[in-house]
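**Student:** fold the following, please.
(3 chains)
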Amino acid sequence: MSDWFSEPANWVFLVLALVIAVSAVRVVTSTNVVHSALFLVLALGATAGLFLLLSAEFVAWVLVLVYIGAVIVLFLFGIMITRAPTGPNVEMDHRPRAPAAMAAFLMFIVTAGSGLTAFGDQEITRLGDGTSTELIGEQLLQRFVIPFEVVSFVLLAALIGGITLARRDASPAEEEATEEEVQA
Amino acid sequence: MAPDIDYLALAPEITLAVTAVVVLLLDLFLPRRQKYWTAIVAVLGVSFAALPLIALAVSDVGDRAMLGGSFVVDDFALVLKGLFVIAGYLVLLMSVGYVESDRYYQGEYYFLLLMSILGSMVLASSRDLITLFIAVELVSQPMYLLAGWRKGDLRSNEASLKYFLLGVLASALLLYGMSFVYGLTGELTFAGIAAEGAGKAGEPAFIMAILFIIAGFGFKVSAVPFHFWAPDTYEGAPTPVAAYLSVSSKAAGFVALLVVLYSAFPDASGVWGPAVWILAALSMTLANLTALRQTNIVRLLAYSSVAQAGFMLVPFAAAATTDAVGLGEAFAATVTYIVIYAFMNLGAFAVVIAGARKTGTGDIEGWGGLGSYAPALGALAAVFFFSLAGIPPLAGWIAKLVMFGAAMGAGSPWMIALAVIAAINAVIALVYYARVVKTIWMDPVPATAPEEEVRTASVAGSLGLAIGLSAAVVVVAGFFPSLVTFFSDATKVLAGG
Amino acid sequence: MTVTVDWYLILAAVLFVIGAAGLLVRRNAIVMFMSIELMLNAVNLTFVSVGRELRDLTGQFAVFFVLVVAAAEVVVGLAIIVSIFRTRATASVDELSEMKG
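**Tutor:** Next up is the predicted model:
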């Protein structure tokens, strides 16, 4: 047992895991939408830390850049545009909690239990050896070139459709006016 | 070091991608009154995408695999791609009049529809979990947006949100299953998973992974108990989008399910067989019983499409209990059902679009006497609804026949029980399909019906073409079933039969 | 005894289940959506940790694609929520009850 405590990687894991678990709970229980978003940042940031511990630097930094840099900002914009109540709001959940908790617990037993029986017990103690980013970059444009190209269309479709759906429609009169302006 | 790309094999996808981008650019420069050009370009592009498919089908190179076997163009992929192209073509034709008649964003509408078709094309060829997942997302994401395309309408908004939240949940379940499969086998290609997972069918983690994957695709094909988004989404979405969701999007889900279960988990059929059995029995029974109570024609078709998904799952369940030959038969039965279902359901939706224009309502009661003032439309409605019910000599009958054949061929008591359930459900389904036809032909014209001009106005040319093409396929395939079975037999390559 | 892949898998299961519970309990569309992000994060954690166990990079490719797709999903989801807001000023799922049955 003393071995366990003398290994710093174990401590790092434990702290990050606690941060993730606590902030994940806060994301779903907070009565304030903005707090939920900020706890989501914390959970994702700590996950990025775990990725570093698992020597997956590339995805760790992608997670930080894409999520904390862009996605959370989008969430905050979404909260503000829709003027969702940012203060505490007790009416935000009124589904029975007990059955949900039961369902969640059962699901945990199933997922964690089956996971435990399947995977080996190799120790993950030290930070990894060298960078894998170069290899990932190479493979992305070779073996994974088709999903890589296709995912760019997913992004394009989301972008175009998202803008069209979220923009404020001009009234027909306004549209006629701009149309004439263009033609003039 | 450039990757090894076979450009002919990718030509259909490239054609569609280029078309979509051209549509987007055209939309930018065309004045409002000439936006219909985007529709013309989209229709032409989808037609052109069929040309390389034919070239690939007649070439004697055989299967074309690239990128370590994660993208394969074999007969299975070609048949399904052909189906997606034709279904996409029909949906585009249906959309033309519908989208023009309201203040829709036309260019973006066609762009998103083309993106979704592109996704289904890639899906038919994907042979690894990552490519498959990305393709499924490209099929779904434009649809989340298009479901909410009637922006000012709260029902459309709700349709979109419901579909989106459940669709994303389905993706999460799917991915969690995939991550376990990867952890257990260390592979993401189906061939690799099949090889590595051979002795692992009994492991709890493997069972859980397969169940998560089935649940994820269950949402996409809207099988009970993962169907509850479908009726609301179909009703709220623009009707051509609902037609696309009920045909192409559902077929894409089935293709993914077929490919994953048959080629990645062939040894675990003892796990997925019973799961699919339950899904099939529940989907058929619950959806049919609910459909009996529907008063809105689109909701009726929504529940009908859930029930049809149940029928399509029957051969899957049968496949789990038989040998290799039976496996191939069951596989071909599902493909046959999907192909025939695509045409009859697209036709039914096209008739609904035309009928809603004439009667001014989606309530079945309001359709009374449609046959008296629009006899051609009434007759075609009868063709599609009776075909969905499986009445000979229409194509739906062939679909039911091969489905029962696969179930009985398996021979086990469980499969005979499922065949009995399916037979009872076919009778229940006949009740509500026939009720629509009865309303159209026997009931008097309701007092609320619109004026004479509206009722007798001719159907938009493109919509008429879509109805005509679907009807031709439904009738001709009913008399010459070999036309369909020729294609579905070709797909057996995947099942090794 | 040190940290093994099992610890990571349990953490991922906890995260996945918290997300699923949030989806069941919460009624605010934005928070439901955040719950799904938690579930996707659990998936990523599973992919990376089993990839590490297998000494294989493929898991990280999966994570890369999941992240990109999730980003696209966020765009789509928020666009839908904003469009609902434009029709009716709310982000609560319960108030959307035009259709029942």
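
**Student:** going forward, measure contacts and count neighbours with C-alpha atoms only.
**Tutor:** OK.

**Student:** so, low pLDDT: which residues of chain B?
**Tutor:** Residue ranges of chain B with pLDDT under 70: B:1-3, B:102-103, B:321-325, B:495-497.

**Student:** ok, longest helix in it?
**Tutor:** helix B:324-359 (DSSP state H).

**Student:** pull out the buried positions in it.
**Tutor:** For helix B:324-359, a neighbour-count test (16 or more other C-alpha atoms under 10 Å in any protein chain shown) marks B:326-359 as buried.

**Student:** again, but for stretch B:199-208
**Tutor:** Here stretch B:199-208 shows B:200-201, B:203-208 as buried, counting by 16+ other C-alpha under 10 Å.

**Student:** any bit of that stretch sitting next to chain C?
**Tutor:** No: with C-alpha under 8 Å from any C-alpha of the partner chain as the criterion, chain C is not reached by stretch B:199-208; the gap is at least 11.6 Å.

**Student:** can you tell me the distance between the two ends of that stretch?
**Tutor:** 16 Å (C-alpha to C-alpha, to the nearest Å).

**Student:** so, low pLDDT: which residues of chain C?
**Tutor:** If you take pLDDT under 70 as the line, chain C has these spans: C:1-2, C:89-101.

**Student:** repeat that for chain A.
**Tutor:** For chain A (pLDDT under 70), the answer is A:1-6, A:84-97, A:114-131, A:170-184.

**Student:** ok, longest helix in chain C?
**Tutor:** Per DSSP H, chain C has its longest helix at helix C:58-87.

**Student:** do that helix and chain A meet at all?
**Tutor:** Yes: shown here: helix C:58-87 in contact with chain A (C-alpha under 8 Å from any C-alpha) through C:60-61, C:63-65, C:67-69, C:71-76, C:78-83, C:85-86.

**Student:** buried ones in that helix?
**Tutor:** Under 16+ other C-alpha under 10 Å, the buried positions of helix C:58-87 are C:58-86.

**Student:** likewise for stretch B:468-476?
**Tutor:** Across stretch B:468-476, burial judged by 16+ other C-alpha under 10 Å covers B:470-471, B:473-476.

**Student:** of those, just say which sits nearest to residue A:71.
**Tutor:** residue B:470 (43.6 Å; C-alpha to C-alpha).

**Student:** with chain A as the reference, measure out to the closest one.
**Tutor:** To chain A, residue B:470 is 29 Å away according to C-alpha to the nearest C-alpha, to the nearest Å.

**Student:** for that residue, give me its contacts.
**Tutor:** For residue B:470, the contacting residues are B:343-344, B:346-347, by C-alpha atoms under 8 Å, 6 or more residues apart in numbering or on different chains.

**Student:** reduced to three states, what does it come out as?
**Tutor:** helix (DSSP: H, G, I helix; E, B strand; the rest coil).

**Student:** from residue A:113, how far out is it?
**Tutor:** Distance from residue B:470 to residue A:113, by C-alpha to C-alpha: 50 Å.

**Student:** now do residue B:366
**Tutor:** Here residue B:366 is placed at a distance of 56 Å from residue A:113 (C-alpha to C-alpha).

**Student:** between the two, who's got more neighbours?
**Tutor:** Higher neighbour count among residue B:366 and residue A:113: residue B:366, with 24 against 16, using other C-alpha atoms under 10 Å in any protein chain shown.

**Student:** the more buried one contacts residue B:358, correct?
**Tutor:** No: Residue B:366 lies out of contact with residue B:358 (C-alpha atoms under 8 Å); the separation is 10.3 Å.

**Student:** right, I'll leave it there.
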